[in-house]
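[1] Build me a model from this:
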Amino acid sequence: MTYLLDANIFIQAHRFYYPKDVFPAFWDWLEEENYNGNICSTLPVYNEIKEGDELYEWVQALDRDKWFLSVDDAKTQGNITSVADWAMNHTQFKQNAKDDFLRKADSLIIAKAMSARYTLVTEEKSSPNSKAKIFIPDVCNVFNVNYCSTIDLLRILRAKF
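    Residues are numbered from 1 along each chain as shown. The predicted structure follows:
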C-alpha cells in the first residue's frame, strides 16, 4: 500500500508535533519511507509549502519526481472533474467553502488517491455537517478513498524512534 501525504502532514508536523530540530528522526523516517516506495505526495501539495522557512528548505532538497506526483494524467483529471462536480453541486456547502476546497490541493490529492488507489494521509477530521469547509475525510468517504492520520501511518508502517 502506498500512502499519499496531504500538505497538513508536513506543515503541522513541522510547526507543532515534530519540529525538525527536535525530531530529526521523524524527517529521516519520511525520507526512508519515500525511498522504500511507501509514501509520497503530489505537486499541488509541494506548491502549498511556502518559501521562507526550514520546511521549505527541506522540501527543496527532496527528489521532486519521486516525492511529488503529477496530477496531469488522464485518470486523475477525470477524477478531479468528478470531485469538483460533487463539491460544486453539493448544496450544503457555502460558496466560499467550495472555492477554498477547489483552490487548494485538497481536491487534487483526493483525485490522485482515487486514480492510484492510494491511502490518503491527513490530519483533517470528518465533519459531515460542516457548511463552511469541505473536509478531506468526508470527500474520501463519498468516493471510497481510504484515509488515515499521521499516527495511524506511523503505526501501520511500524515506525520506531
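[2] From here on, just use CA atoms for contacts and neighbour counts.
    OK.
[3] Mind checking the pLDDT average for stretch 30-50?
    The pLDDT scores in stretch 30-50 average 95.
[4] Repeat that for stretch 114-126.
    97.
[5] Can you mark which positions in it are buried?
    Neighbour-count burial for stretch 114-126, with 16 or more other Cα atoms under 10 Å as criterion, is recorded at Met114, Ser115, Arg117, Tyr118, Thr119, Leu120, Val121, Thr122, Glu123.
[6] Those: which two are farthest apart?
    Ser115 and Glu123 (21.2 Å; Cα to Cα).
[7] coming back round to it: could you single out the nearest of the buried residues of stretch 114-126 to Phe23?
    When the buried residues of stretch 114-126 are compared against Phe23 (criterion: Cα to Cα), the nearest one is Glu123, at 18.4 Å.
[8] The buried residues of stretch 114-126 in strands, which ones?
    Secondary structure defined by DSSP state E assigns Thr119, Leu120, Val121 of the buried residues of stretch 114-126 to strands.
[9] Just send those residues back as JSON lines, with distance to Lys160 too.
    Below are these laid out as JSON lines (distance: Cα to Cα, whole Å):
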{"residue": "Thr119", "distance to Lys160": "21"}
{"residue": "Leu120", "distance to Lys160": "21"}
{"residue": "Val121", "distance to Lys160": "18"}
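[10] mind checking the longest helix of this structure?
    Longest helix in the chain, counting residues (DSSP state H): helix 74-89.
[11] can you pull the pLDDT of Ile109?
    You'll see Ile109 listed with a pLDDT of 98.
[12] element containing it?
    helix 106-116 (DSSP states H and E).
[13] Against which helices or strands is that helix packed?
    strand 39-42, helix 43-48, helix 74-89, strand 119-121, helix 136-142 (3 or more Cα pairs under 8 Å, 6 or more residues apart in numbering; DSSP states H and E).
[14] Average pLDDT for the helix or strand just after the second one, rounded please.
    The one in question is helix 43-48. Note on helix 43-48: by DSSP H and E, the next helix or strand toward the C-terminus is helix 54-60. Averaged over helix 54-60, pLDDT sits at 92.
[15] repeat for stretch 76-84
    Rounded mean pLDDT across stretch 76-84 is 97.
[16] Repeat that for stretch 142-155.
    On average, stretch 142-155 scores 97.
[17] Just the buried residues of it, please?
    Buried residues in stretch 142-155 (16+ other Cα under 10 Å): Phe143, Val145, Asn146, Tyr147, Cys148, Ser149, Thr150, Leu153.
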